[in-house]
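Trainee: heads up, no residue letters with this:
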DNA sequence: AAACCTATACCGAACGTTCGGTATACTCAA
DNA sequence: TTGAGTATACCGAACGTTCGGTATAGGTTT
């Protein structure tokens, strides 16, 4: 089997347990591969596994951004497109964010750069949609941040309360909220 | 020294590394106590240390809520009071949230209940301020959620970008934003 | 076709290290 | 002199990682 086969399992593990919380034993259980076999596919060990997941996530986000920017429709519709895809990526708020998970623990310094880049391109994508709709650039940049903040915060709250409702509410309202005064 | 002496160090550790990322060696280094001494103060081990920190955090939040509700002034001023205290608790966005950290990893199931209660009382406090100002109860409840969401999301983003600016911007705007249409 | 070779995928067992936790003995103030 | 607090040494278990080796498949040589 290809290395990519195990990415979904690895993503689920790391986003739910964080870097330090994921053990090779858990990975072995989830993937059905022995520890030694894991090192056949990922000679770099745990770090390379996270790296692989992170690359896949990068591509996933690029796809979402591409779909959003190429979406034909008014600004609200384009942002709804993004929110729908994002919501699906987080299973409607039931699964935590890998980026947030990687900012905790021993992994922080190792992956901070990559996380930073990912967050920034996400912000920029939202801002681009808004500037294309005629919004002031500085305001659009802040709205981009607001969008990511709302989603990340809603994920935290939904996790903490054990209830996906706050996330879903935020996702629904986000497009119109971002477009206010436009 | 009293058990409480080590709470700030422990809080800093757990909020930055999460439950799984904190080892007894790190705790020993940070507190300057040997393992035996740690188990003298916390016979329950790591779990009891988190428990102690969580209790202190509970009291801290209660104090913030109490100060906010007893604050004399208009609604904006009361919410500003809360935001100032919250901002100080997070070192202006430079330190992560313990609650978010505890929702990851092996600790999730153990502390989920306590985290849920803490988040809910925080939400309720904001909602109370708004209802006392005459806001519809259901709207106030949602605004309470929005407040916590904004703060948590801003913390995540500031951590991810390695820049406290987003958090500070959110904290500044939050009081007026929560009061909109009131 | 038969024999051989290489590459890929996988595994059981073990490595050295570190984990959370404990038992024992010492220190020192009351 | 008693007892709270600490240091040292230690424990079994689990950690991430590596080693030696097997099974299978495809290509090459005879």
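Mentor: That came through fine. The model shown is predicted, which means the values in this text are computed figures rather than measured ones. Numbers count the residues shown, from 1 in each chain, chains lettered A, B, ... in the order given.
Trainee: ok, the residue of chain A found nearest chain B - contacts?
Mentor: Closest approach between chain A and chain B, counting by C-beta to the nearest C-beta: residue A:153, at 2.7 Å. The C-beta positions use only the backbone N, C-alpha and C, and glycine is treated the same way. Going by C-beta atoms under 8 Å, 6 or more residues apart in numbering or on different chains, residue A:153 touches A:170, B:148-154, B:156.
Trainee: ok, then the element right after the helix or strand harbouring it?
Mentor: Here residue A:153 sits within helix A:137-161, counting by DSSP states H and E. Using DSSP H and E, the next helix or strand after helix A:137-161 towards the C-terminus is helix A:165-178.
Trainee: tell me the SS of residue A:114?
Mentor: helix (DSSP: H, G, I helix; E, B strand; the rest coil).
Trainee: The closest residue to it other than its chain neighbours: how many residues sit nearby?
Mentor: Here the nearest residue to residue A:114 in space, its sequence neighbours aside, is residue A:54; by C-beta to C-beta, 6 or more residues apart in numbering or on different chains that works out to 5.6 Å. As a burial measure, residue A:54 scores 19 neighbours (other C-beta atoms under 10 Å in any protein chain shown).
Trainee: quick one: contacts for residue A:54?
Mentor: Per C-beta under 8 Å, 6+ apart, neighbours of residue A:54: A:98, A:102, A:111, A:114, A:118.
Trainee: pLDDT value on the closest residue to DNA strand C within chain A, please?
Mentor: Nearest to DNA strand C, among the residues of chain A, is residue A:36, at 2.5 Å (C-beta to the nearest atom of the strand). At residue A:36, the pLDDT value in this model is 91.
Trainee: So is the helix or strand where residue A:118 lies next to DNA strand D?
Mentor: Per DSSP H and E, residue A:118 falls inside helix A:108-132. No - using C-beta under 7 Å from any atom of the strand, helix A:108-132 never reaches DNA strand D; the gap is at least 11.4 Å.
Trainee: Same question for stretch A:89-102.
Mentor: No - counting by C-beta under 7 Å from any atom of the strand, DNA strand D has no neighbours in stretch A:89-102; the shortest distance is 14.6 Å.
Trainee: Show me what counts as buried in that stretch.
Mentor: Using 16 or more other C-beta atoms under 10 Å in any protein chain shown as the test for burial, stretch A:89-102 gives A:89-90, A:93, A:95-102.
Trainee: near chain B at all, that stretch?
Mentor: Yes - residues of stretch A:89-102 contacting chain B under C-beta under 8 Å from any C-beta of the partner chain: A:96-97, A:99-101.
Trainee: Pick out the most distant pair among the residues you listed.
Mentor: Using C-beta to C-beta, these span at most 9.5 Å, a distance reached by A:96 and A:99.
Trainee: can you count the residues close to residue A:19?
Mentor: Going by other C-beta under 10 Å, the residues that sit close to residue A:19 add up to 25.
Trainee: Name the nearest residue to residue A:60, sequence neighbours excluded.
Mentor: residue A:89 (6.8 Å).
Trainee: how close does that neighbour get to residue A:57?
Mentor: Remark: distance between residue A:89 and residue A:57 (C-beta to C-beta, to the nearest Å) = 9 Å.
Trainee: do the same with residue A:76
Mentor: 26 Å.
Trainee: what about these two, which has more around it?
Mentor: Taking neighbours as other C-beta under 10 Å, residue A:76 and residue A:57 compare with residue A:57 leading, 21 against 15.
Trainee: Leaving out sequence neighbours, find the closest residue to that one.
Mentor: Leaving aside its sequence neighbours, residue A:57 sits nearest to residue A:98 (C-beta to C-beta, 6+ apart; 6.1 Å).
Trainee: The one you found: what's it in contact with?
Mentor: Contacts of residue A:98 by C-beta under 8 Å, 6+ apart are A:11, A:14-15, A:53-54, A:57.
Trainee: And what about residue A:11, helix, strand or coil?
Mentor: helix.
Trainee: how many neighbours does the residue lying closest to it once chain neighbours are set aside have?
Mentor: Once flanking residues are discounted, residue A:11 sits nearest to residue A:53: 4.9 Å by C-beta to C-beta, 6+ apart. When neighbours are counted by other C-beta under 10 Å, residue A:53 registers 22.
Trainee: for the one 5 residues further on, same thing?
Mentor: Other residues lying near residue A:58 total 14 when counted by other C-beta under 10 Å.
Trainee: Up against chain B, what does chain A have?
Mentor: Counting by C-beta under 8 Å from any C-beta, the residues of chain A close to chain B are A:16-21, A:96-97, A:99-101, A:103-106, A:108, A:112, A:115-116, A:119-120, A:142, A:145, A:148-154, A:156-157, A:159-162, A:166, A:169-170.
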